[in-house]
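In: build the 3D model from these lines:
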Amino acid sequence: MRSQNNFMEVTFKAISINEAFARICVSGFCVQLNPTVDEINDIKTAVSEAVTNCVVHAYPKHNGMVVLRCEIEGDNVKIVIQDKGVGIKDISKAREPFFTTKPDDERSGMGFSVMESFMDRVEVEKNEDKGITVTMYKRINNLQEQVNNA
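Out: Modelled structure (predicted):
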């Protein structure tokens, strides 16, 4: 039986400890789709990268807030991570592998590349007022349902 359409939203402080909280929230919410371990790990990894970007880059002089929204529609998960921080000067440049604005902090510049490799689609947009919204999509291939229908 497939999950009904559903959503959740949480807001939390942009501090490192909350990166794990975000992963747990999304993975717990996505359990209703009966994902494989690999699918849930993919989602957790992408969420971790997006939230870490907020913590490290969005609020360099103070702690701000991160909004995490997760929506399920059929077999599809949509995850939105939004901040009201300083934004990204050049989004296309920031999405290039190994590009980092903080090389002295041992940053690899692979955050967006990691998100894109684990999710089906990733969109990055500047907010109207300030900050960034990252929207990630993934289809959950429910293997148990496929076995039952075979």
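
In: what about the residue nearest the centre of the chain, is that helix, strand or coil?
Out: For the chain, the residue nearest the mean C-alpha position is Val47 (3.2 Å; C-alpha atoms, centre = their mean). Recorded secondary structure, Val47: helix (DSSP: H, G, I helix; E, B strand; the rest coil).

In: list the contacts for it?
Out: Ala22, Arg23, Val26, Leu68, Ile79, Ile81, Met136 (C-beta atoms under 8 Å, 6 or more residues apart in numbering). Bear in mind the C-beta positions are built from the backbone N, C-alpha and C, glycine included.

In: now do stretch 76-84: distance to the chain's middle.
Out: Its chain's C-alpha centre and that of stretch 76-84 lie 6 Å apart, by C-alpha atoms, centre = their mean, to the nearest Å.

In: before we move on, what about stretch 119-135?
Out: With C-alpha atoms, centre = their mean, you get 10 Å for stretch 119-135.

In: list the buried residues of that stretch.
Out: Across stretch 119-135, burial judged by 16 or more other C-beta atoms under 10 Å covers Met119, Val122, Val124, Gly131, Ile132, Thr133, Val134, Thr135.

In: what sits against the last one?
Out: Applying C-beta under 8 Å, 6+ apart, we find Thr135 in contact with Lys78, Ile79, Val80, Val122, Glu123, Val124, Glu125.

In: part of a strand, is it?
Out: Yes: applying three-state DSSP, one finds Thr135 inside a strand.

In: thinking again about what came up before, so which of the contacts of Thr135 is the closest to Val56?
Out: Nearest to Val56 out of the contacts of Thr135 is Val124 (C-beta to C-beta; 15.4 Å).

In: related to what we said a few turns ago, for Asp75, see how far away the residue nearest to the centre of the chain is.
Out: The gap separating Val47 from Asp75 is 18 Å, by C-beta to C-beta, to the nearest Å.

In: which non-adjacent residue is nearest Met119?
Out: Computed as C-beta to C-beta, 6 or more residues apart in numbering, the closest residue to Met119 that is not its neighbour in sequence is Met136, at 4.4 Å.

In: quick one: pLDDT of that neighbour?
Out: pLDDT recorded at Met136 is 97.

In: can you classify Val31 by secondary structure?
Out: Applying three-state DSSP: Val31 is helix.

In: spatially nearest residue to it (excluding sequence neighbours)?
Out: Leaving aside its chain neighbours, Val31 sits nearest to Ile40 (7.7 Å; criterion: C-beta to C-beta, 6+ apart).

In: that's all I had, so thanks and see you.
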